[in-house]
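[1] Sequence plus predicted model, see below.
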Amino acid sequence: MHDTMDENETTVVEAAEPAPRRVKKAPPAGEVWGTGRRKTSVARVRLRRGDGKIVVNRKPFGEYFSLLQDRNRVEEALKLLGAREKVDVLCSVKGGGPTGQAGAIAMGMARALRKYDAGYDDALRTSGLLTRDSRMKERKKYGRRGARRGFQFSKR
């Protein structure tokens with residue numbers, strides 16, 4: 001015998017629950033978050049009261065950034081405000097190269113510092129740390145060797 005439904009039987013179809021929406025978590029008490037972007041790099045920066053430790057992707061930032069210019073870029077906002085020894089900074093950065101990552105961290109840190117103390121806003125804005133640098137690499141076009149460079153033309 002095969003299973004068939006009688007006319008009297010009804011099937012109950014359970015309504016599928018919609019996929020849970022991603023909810024932004026609030027930072028823990030005493031912590032502020034900031035997001036920075038530069039080229040293809042994205043940095044998530046957390047600031048909390050501390051003694052001046054800066055950690056990037058679970059490494060001390062002096063170990064993560066080998067170039068002095070990148071280390072200076074990361075510390076720029078803290079030195080400007082005199083907060084270098086007042087806060088601990090934890091960064092998670094992905095994408096791009098070291099210079100783009102340093103720029104992304106600097107912007108994320110400036111945004112977090114602005115949330116930490118609203119009085120820092122004017123100094124950060126006038127120094128250009130809150131402005132997103134929108135320059136990106138131009139895409140390569142078909143029929144060309146790069147974004148703009150064409151092939152060498154030979155008449156004969």
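    Structure's in. What do you need? Numbers count the residues shown, from 1 in each chain.

[2] for residue 78, what are its contacts?
    52, 84, 87, 89, 109, 113 (CB atoms under 8 Å, 6 or more residues apart in numbering). The way it works is simple: take the backbone N, C-alpha and C, and place the C-beta from them, glycine included.

[3] which of those residues are buried?
    For the contacts of residue 78, a burial check counting by 16 or more other CB atoms under 10 Å picks out 87, 89, 109, 113.

[4] Which of those fall within strands?
    Counting by DSSP state E, the buried ones among the contacts of residue 78 place 87, 89 in strands.

[5] mind putting the buried ones among the contacts of residue 78 in TSV, distance to residue 69 and pLDDT included?
    Shown next, in TSV, are the buried ones among the contacts of residue 78 (distance: CB to CB, whole Å; pLDDT from 0 to 100):
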residue	distance to residue 69	pLDDT
87	22	93
89	18	95
109	16	95
113	21	93
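
[6] Closest to residue 141 out of the contacts of residue 78?
    residue 109 (36.2 Å; CB to CB).

[7] got a list of what that closest one touches?
    Contacts of residue 109 by CB under 8 Å, 6+ apart are 34, 36, 45, 47, 74, 77, 78, 89, 91.

[8] give me that answer again for 10 Å
    Each residue near residue 109 by CB atoms under 10 Å, 6 or more residues apart in numbering is listed here: 34, 36, 43, 45-47, 54, 73-78, 83, 87, 89, 91, 116, 124, 129.
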